[in-house]
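Participant: Give the three-dimensional model of this entry:
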Amino acid sequence: MKDLKALLIKAGYEDVMTYIQSGNIVFKSQETDTKKLTKSIAELIHHQYGFEVPVMVLTKDDIITLLTHNPYDDGKKDIAKLHVTLLDMAPDTKLLA
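Facilitator: The predicted structure is shown next:
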């Protein structure tokens, strides 16, 4: 994660922070188009490490929406124990069965 953090800093991303070995990164950027950011970060990783990884970029507002629309939040659960899995597209309904 240190190398990935350094890669993004070198590319001009600001206030880059990583979370354990999860692949999650928090950063600031002058670019606001999440599709452009997604493509840029995926290309950086591919160029640096030689493999493709799925990249998703969420804004602060996306995260707030995710947290405020948590269907399991009854106000009694410890938010520190909340785990979220994000998908970049809806799964095939046949696979859900």
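Participant: Show me which parts of the lengthiest helix in the chain are buried, residue by residue.
Facilitator: The longest helix of the chain (DSSP state H) is helix 34-49. For helix 34-49, a neighbour-count test (16 or more other Cβ atoms under 10 Å) marks Leu37, Thr38, Ser40, Ile41, Ala42, Leu44, Ile45 as buried. Backbone N, C-alpha and C define where each C-beta goes, glycine included.
Participant: doesn't Gly12 make contact with the third one?
Facilitator: No. With contacts counted by Cβ atoms under 8 Å, Ser40 stays clear of Gly12, the gap being 9.6 Å.
Participant: What is the burial count for the residue nearest to Thr34 when sequence neighbours are not counted?
Facilitator: Of all residues not flanking Thr34 in the chain, Val57 sits nearest, at 4.4 Å (Cβ to Cβ, 6 or more residues apart in numbering). By other Cβ atoms under 10 Å, the residues close to Val57 number 19.
Participant: same question, the one 3 residues further on
Facilitator: Neighbour count for Lys60, taken as other Cβ under 10 Å: 9.
Participant: just the strands in this structure please.
Facilitator: Secondary structure of the chain by DSSP state E: the strands cover 14-19, 24-28.
Participant: Could you single out the most deeply buried of the ones you listed?
Facilitator: strand 24-28 (a mean of 14; mean count of other Cβ atoms under 10 Å).
Participant: Give me the residues contacting that strand.
Facilitator: Applying Cβ atoms under 8 Å, 6 or more residues apart in numbering, the set of residues contacting strand 24-28 from outside is Leu4, Lys5, Leu8, Tyr13, Glu14, Asp15, Val16, Met17, Thr18, Tyr19.
Participant: quick one: the last one and Ala42, what's the gap?
Facilitator: Right, the one you point to is Tyr19. Taking Cβ to Cβ, to the nearest Å as the measure, Tyr19 falls 19 Å from Ala42.
Participant: Same check on the third one?
Facilitator: The spacing between Leu8 and Ala42, counted by Cβ to Cβ, is 12 Å.
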